[in-house]
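>>> Okay, structure incoming, though there's no sequence with it:
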């Protein structure tokens, strides 16, 4: 019985210590955009770089963006359009030639 | 008939192994403790220093009465605030007098991110009952490996651990 009482007291004191320490941490500054030592110091959507929490780069959806690879993708259709234009031009030339031949 | 060839020696070996008992004079002394710690931490490229996460530890220590100064200590650690995580530690300790234990070993946070390092602890025990003591333990930790560490970063921590210990 005496041991049980001691253990109860022990657990009570331990929980009290945890509560005090938890309150101390809860009153501390937030980590979201502040300094960091670990990745997990930063909030979701942030990463730890050079000791500071920084927002993670926003993922670029397919079909839009400003990076080089996207530009390469964009040049494809342009080239096709140019080719298509050239073909149309050639076709119009051919038509003019045919008209001239018919007219002349 | 192969079982006869190998079965008999294996059986004898098992019999001998099972019949081995610790010497009668040798007795294990087990203790259990629980405590919480917090403190300051620093490191990183900018030498940032801040308050550490609060850590709760439940531990067991064992020694043999023939060599009561030498201890093996193992504990389960939980970071409880502001971010939670669980881990474990294993230490070798040496008693200096009746109230002081110096120990050092390895320490790791295992989930949800990993962090591995080493720790050194100075523990002072204040008896409050025949088998119970309050423990006050300044602790130094260094973390240098793990998925939670940015590249090229090492973290040091200085904690003050307070808790209770019981001789079982």
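Sure thing, it's come through. Keep in mind that this is a model prediction, so the values were computed, not measured. Numbering: from 1, shown residues only, chains lettered A, B, ... in the order given.
>>> C-alpha from now on. contacts and neighbour counts both.
OK.
>>> Which residues of chain B lie near chain A?
B:34-38, B:42-46, B:48, B:51, B:53-54, B:56, B:80-83, B:113, B:148-150, B:153, B:155, B:162-164 (C-alpha under 8 Å from any C-alpha of the partner chain).
>>> Show me which of those residues are buried.
B:34-38, B:42-44, B:51, B:53-54, B:56, B:80-82, B:113, B:148-150, B:153, B:155, B:162-164 (16 or more other C-alpha atoms under 10 Å in any protein chain shown).
>>> what comes up buried for stretch B:96-113?
Applying 16+ other C-alpha under 10 Å to stretch B:96-113 flags B:100-110, B:113 as buried.
>>> Give me the residues contacting it.
A:40, B:69, B:77, B:85-95, B:114-126, B:146-148 (C-alpha atoms under 8 Å, 6 or more residues apart in numbering or on different chains).
>>> Return the distance of that stretch from the chain's centre.
For stretch B:96-113, the gap between its own C-alpha mean and the chain's C-alpha mean amounts to 4 Å (C-alpha atoms, centre = their mean, to the nearest Å).
>>> how close does residue B:127 get to residue B:121?
As judged by C-alpha to C-alpha, to the nearest Å, residue B:127 and residue B:121 stand 19 Å apart.
>>> Please disregard the earlier target; I meant residue A:38.
In terms of C-alpha to C-alpha, residue A:38 sits 23 Å off from residue B:121.
>>> Give me the below-cutoff pLDDT ranges for chain A.
For chain A, residues meeting the criterion pLDDT under 70 lie at A:1-33, A:63-104.
>>> how about a cut-off of 50?
A:1, A:28-30, A:65-104 (pLDDT under 50).
>>> what's the answer for chain B, then?
Checking chain B against pLDDT under 50 turns up nothing.
>>> So for it, the centremost residue is which one?
residue B:74 (3.2 Å; C-alpha atoms, centre = their mean).
>>> do you know how far it is from chain A?
19 Å (C-alpha to the nearest C-alpha, to the nearest Å).
>>> so that residue, which of the three states?
Assigned with DSSP: H, G, I helix; E, B strand; the rest coil, residue B:74 falls in the strand class.
>>> partner residues bridging it?
residue B:60, residue B:90 (DSSP bridges).
>>> and what of residue B:141?
residue B:119, residue B:157.
>>> ends of stretch B:42-60, how far apart?
First residue to last in stretch B:42-60 (C-alpha to C-alpha) measures 29 Å.
>>> Need the contact partners of it.
Stretch B:42-60 is contacted from outside by A:18, A:21-22, A:25, A:28, A:35-37, A:50-51, B:30-41, B:73-83, B:152-157, B:159, using C-alpha under 8 Å, 6+ apart.
>>> Stretch B:73-84 now?
Taking C-alpha under 8 Å, 6+ apart as the rule, stretch B:73-84 contacts A:22, A:25-26, A:40-41, B:53-62, B:85-93, B:109.
>>> can you tell me which of those residues are in strands?
If you go by DSSP state E, the contacts of stretch B:73-84 have B:54-62, B:85-93, B:109 in strands.
>>> Look up phi and psi at the residue lying closest to residue B:115 once chain neighbours are set aside.
Excluding the flanking residues, the one nearest residue B:115 by C-alpha to C-alpha, 6 or more residues apart in numbering or on different chains is residue B:146, at 4.2 Å. Taking degrees, to the nearest 10, you get phi 130, psi 160 for the backbone angles of residue B:146.
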